[in-house]
Structures are given as C-alpha cells and as structure tokens.
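In: quick one: sequence plus predicted model below, questions after.
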Amino acid sequence: MQTRPLGQGAPDVSLIGFGGMPLSTSARPPEEVGCEVVHAALDAGVTWLDTANVYCLGDDDLGHNERLFSKALKTWSGPAESIVVATKGGMTRPNGRWDHGGRPDQLKKACDGSLRALGVERIDLYQLHTPDPQVPLADSVGALSDLQAAGKIRWVGLSNVSVAEIEEASSIVTVVTVQNRLSPFFREALKTGVVVHCAEHGIGFIAYSPVGGGRLNKKLPTHPVVAPMAERLGASTHAVVTAWVLAQGPNVLAIPAARTVEHAVDAISSAAIELTEADLAAIDAAEFSIA
C-alpha cells in the first residue's frame, strides 16, 4: 500500500488506517470477531490503528477498544511492533452519553488508563478528542505537553478543531496530526481551510467518517454520480468515495471503520483506486444530501 507521512517527526504510514470505534460501541461484534477484523486490516497493508478510551458502552467499560486492539496485536502473525497505534483522551461516557472531559487532571488520568489498556509504556500518538468548552484549550494542550515531557506519549494530535485552535495549540506543543470529519457529505475541513493549513505546516490530516458514517453511507450504492463511477472502476461506491477523500491533499490519510472482515478489506481497497481529474470534479460538483 502507498504511504504518506503521519506528520512532522513521525514515520510514513499507510494511506488507510483502521478506525476501531464500531468494534466496541453499540452492536459491537464478539471479541474474537473484532480481532479477526483487525487482523484482516493489518494483513491488507494497514500500518496504523486509531482508537479512543471512550470507544465503549459507558464509563464502566472505558478502554474496551484499546484492550481489543492490544489483544489483536498480540495475536497477529505479523510484526506488531511496527504498527502505530493512536488513541484519544478528552471525553467521558457517563451512562453511555458522550460528554467532555478536557481538564488537565482528566486527561492525565485518561492517558494512564490508556497506557494500561493498550499494555504499553508509551503511546505513539495521543490526541485531544475534542476541545472542552468549559476548559481553556491551552490548559488541555498543556496537559498533553506535560504527558509528552513525562515520556508517556510520543506525538501529540488534535481532533475536531479549527485553524485558530490548531494555531493556538501549536504555540504550546508540536502538533503532529489533526483528525477531523471529511467526506463528500461533510466538507467543512476543506471549506474552513483546515486541510490546507495542515498541509502548509507539515501536519498530517486524518479524515474520519470518510464515507459519511451511519445512515449516510447507505446512500452511496445508488448515488447517481458515484455508482456508475464505481461500476466503471470495478470498485465499491464506498471505496470510490474514500479515494476522493485521499485526493483532497498530499497530507490526507483516512480511517474507515468496519465491523466485518469484508467491509474492512473493501475500505482498504480504496488506496489502490486512481480517480481522474474528471472523476474528482464530478464528485466535487455532485450533491450529497444529508436529509
């Protein structure tokens, strides 16, 4: 699989990573199936995994996905030590809700929990899951800088942030990656300049939900522009859309997620799809309704 730099000072990684969220949230498969899905992604050429402590069912289940990744890596037949693992802190799951948790003490506690769940002494990439509106961003990022200085994390990333927030955080610590939503359905990372800003500053842009997520990706097989394109290319509509995402910048990586081996392998196939300028322009101009 082709590779791109993860970000400043970080290694090159596969264009496609694997996002573990659906393996640990509602409708999650049995653990052994989850491990099989991760193994299939790794066998297909994925060299990095993305997780979070809150990919679980609730606060009493924190770290489920991290523990699953740890088990999958330990039982994989390949060189597990070469796989980059990214996780996140800064949210909580009280009674299954998604809530903010960006205070420095919360982040440091969450990082310690992630270290235990992953079974490592240092986390490769630790990302602020989302800015906490009740906590100054500088305080949250300062906690990540402290964790890095303590040797608990190697690289710092941000998620769900604006250009202004990236600039503020970058004045405190080296920001290696930014993980924001990007798909033909949701293009705010392009319209607000986040992707371009990251490219200009050597920051890897990680696109989550590249096919829209949830109910939206179910619209793709019948999309009037994408469906005929996929048929011509001998690919799935989901893989074509992910290829469009990857074409949005030389620093763009994507983390499709899957609950089954079939869907994981299909998502990874997008790395081999070469869209023409006409293909890209057609998707650019097409309507992708979120209604």
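Out: Received, thanks.
In: tell me which residues of the helix or strand where Val265 lies come out buried.
Out: For Val265, the element it lies in under DSSP states H and E is helix 261-268. By 16 or more other C-beta atoms under 10 Å, the buried positions in helix 261-268 come out as Val261, His263, Ala264, Asp266, Ala267, Ile268. In this view, the C-beta of every residue, glycine as well, is placed from N, C-alpha and C.
In: now that helix, how far from the centre of its chain.
Out: Taking C-alpha atoms, centre = their mean, to the nearest Å, one finds the center of helix 261-268 at 16 Å from the center of the full chain.
In: so which bits of the helix or strand just after it are buried?
Out: Downstream of helix 261-268, the next assigned helix or strand under DSSP H and E is helix 277-285. For helix 277-285, a neighbour-count test (16+ other C-beta under 10 Å) marks Asp279, Ala282, Ile283 as buried.
In: export helix 277-285 as CSV, just CAs?
Out: Only the C-alpha atoms of helix 277-285 are listed here, as CSV (Å, rounded to 0.1, in the frame of the first residue of the first chain):
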residue,chain,number,x,y,z
GLU,A,277,-9.4,14.8,-12.7
ALA,A,278,-12.8,14.4,-14.3
ASP,A,279,-13.9,11.9,-11.6
LEU,A,280,-12.8,14.2,-8.8
ALA,A,281,-14.5,17.2,-10.4
ALA,A,282,-17.7,15.1,-10.8
ILE,A,283,-17.8,14.2,-7.2
ASP,A,284,-16.9,17.8,-6.2
ALA,A,285,-19.9,19.1,-8.1
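In: number of nearby residues for Ser145?
Out: Counted with other C-beta atoms under 10 Å, residues neighbouring Ser145 total 16.
In: hang on, it packs against Ile172?
Out: Yes - contact status for Ser145 versus Ile172: in contact at 5.7 Å, counting by C-beta atoms under 8 Å.
In: list the contacts of the helix ranked longest in the chain.
Out: As assigned by DSSP state H, the longest helix anywhere in the chain is helix 104-118. With C-beta atoms under 8 Å, 6 or more residues apart in numbering as the test, helix 104-118 has contacts from 53, 62-63, 66-67, 69-70, 85, 87, 89-90, 92, 101, 121-123, 126, 128, 139-140, 142-144, 146-147, 152-153.
In: can you point out the buried residues in it?
Out: Neighbour-count burial for helix 104-118, with 16+ other C-beta under 10 Å as criterion, is recorded at Pro104, Gln106, Leu107, Lys108, Ala110, Cys111, Gly113, Ser114, Leu115, Ala117, Leu118.
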